[in-house]
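# My questions are about this predicted structure, shown below with the sequence.
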Amino acid sequence: MSSPPIQWYPGHIAKAERQLKEQLKRVDVVLEVRDSRIPLASHHPQLKQWIADKPRAIVLNRMDMIPQDLQQEWRNWFKEKSQTSYFTNAKQGKGIKAVKIAAQKAGTAMNQRRRDRGMRPRPVRAVVIGFPNVGKSALINRLVGKNVVVSERRAGVTRQLQWVRISPEIELLDAPGVIPWRIENQQDAVKLAICEDIGQAAYDNQLIAAAMVDLFSKLGFDDVLEARFHLNPANITGEAYIHDLAEQSYKGDKERVARQLLRDFRTGVMGAIPLELPL
């Protein structure tokens, strides 16, 4: 079963990207939100080009969906690359304080430069950037301390840019999820689809669920699927696994199997399972 390339670039994202590039001129610090399950695949390849030398903090959201020891491995990995990373669970409010402090520190440095030039201090302007559905809006609501932006577990909910005042010291720009107009790395695109960080119109559930089973086997998580569905995927393809599981437990309904597999992974029913490990 061959899959057409996964590409998803709806009109509202194209418009938001243009507006975002304009607003970035006013921004002091960038909070790049990624998915902890796929910290590399959920990085926008053009971000560095957009933000140039602006300070950036990498926020790895959904920390509850990967093992704790792996969180430390990723911290070390980013540190070796001179990048600052923060793990958060925006849904439960974990790790938020450290992100807020990081933004305030950037503001302190910015205002010192303003004072040195004889200018008055002002609130630090931060922008929250990331792929759709990685938890940007939930993070902003936690930083503000109340629900000021719409937050849902699906891609494409935020449709327009808006500035939100967090405190007298910080203003935040909430932007719709940005995604490359063309995803060159299709392995990354598959991971984004598995994690629901790309619109559902971009992919076929059965193909993506089969790719997920293959990836589980590659990463050594066969036992997770066997415990959940009483069928071991060892030595068969993901496509064959979906077929066999459909015949065994779902009256031959492969689409239902695919949706169940993806739902169980996405909602954490299968446990804390990463799809990427530090290189």
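Now that the structure is in, tell me what you want to look at.
# got the residue ranges for the helices in the chain?
11-23, 47-51, 68-80, 96-116, 136-144, 186-194, 205-219, 222-229, 238-249, 254-266 (DSSP state H).
# and among those, the most buried is which?
Burial of the helices of the chain is given as mean neighbour count (mean count of other C-beta atoms under 10 Å); helix 136-144 ranks first at a mean of 24. Yep, even glycine has a C-beta here, placed from its N, CA and C like the rest.
# The helices of the chain: which one's closest to residue 173?
Taking C-beta to C-beta, helix 11-23 is the member of these nearest to residue 173, at 5.8 Å.
# any idea how far the closest one is from the chain center?
19 Å (C-alpha atoms, centre = their mean, to the nearest Å).
# Span of stretch 86-101 from start to end?
End-to-end distance for stretch 86-101: 11 Å, by C-alpha to C-alpha, to the nearest Å.
# Ok, stretch 198-208 next?
For stretch 198-208, the first-to-last residue distance is 12 Å (C-alpha to C-alpha).
# shaky segments in this structure?
1-4, 8-10, 148-160 (pLDDT under 70).
# if I look at the residue lying farthest from the centre of it, how far off is residue 107?
Ranking residues of the chain by C-alpha distance from their mean position (C-alpha atoms, centre = their mean) puts residue 118 at the top, at 39.9 Å. Computed as C-beta to C-beta, to the nearest Å, the residue 118 to residue 107 distance reads 18 Å.
# wait, residue 180 sits on residue 45?
Yes: with contact defined as C-beta atoms under 8 Å, residue 180 counts as touching residue 45 (6.1 Å).
# Look at those two and report which has more neighbours.
residue 180 (18 against 11; other C-beta atoms under 10 Å).
# Please tell me how far the more buried one sits from residue 34.
Counting by C-beta to C-beta - residue 180 and residue 34 are separated by 15 Å.
# circling back to that earlier point, wait, which of the helices of the chain is closest to residue 38?
Of all these, helix 186-194 comes closest under C-beta to C-beta, at 4.7 Å.
# starting at the chain centroid, how far to the closest one?
Counting by C-alpha atoms, centre = their mean, helix 186-194 comes out at 12 Å from the chain centroid.
# Give the other helices and strands that it contacts.
Applying 3 or more C-beta pairs under 8 Å, 6 or more residues apart in numbering; DSSP states H and E, we find helix 186-194 packed against helix 205-219.
# and the angle from the helix it packs on to helix 254-266?
Counting by axes from the mean of the first three to the mean of the last three C-alpha atoms, to 10 degrees, helix 205-219 lies at 50 degrees to helix 254-266.
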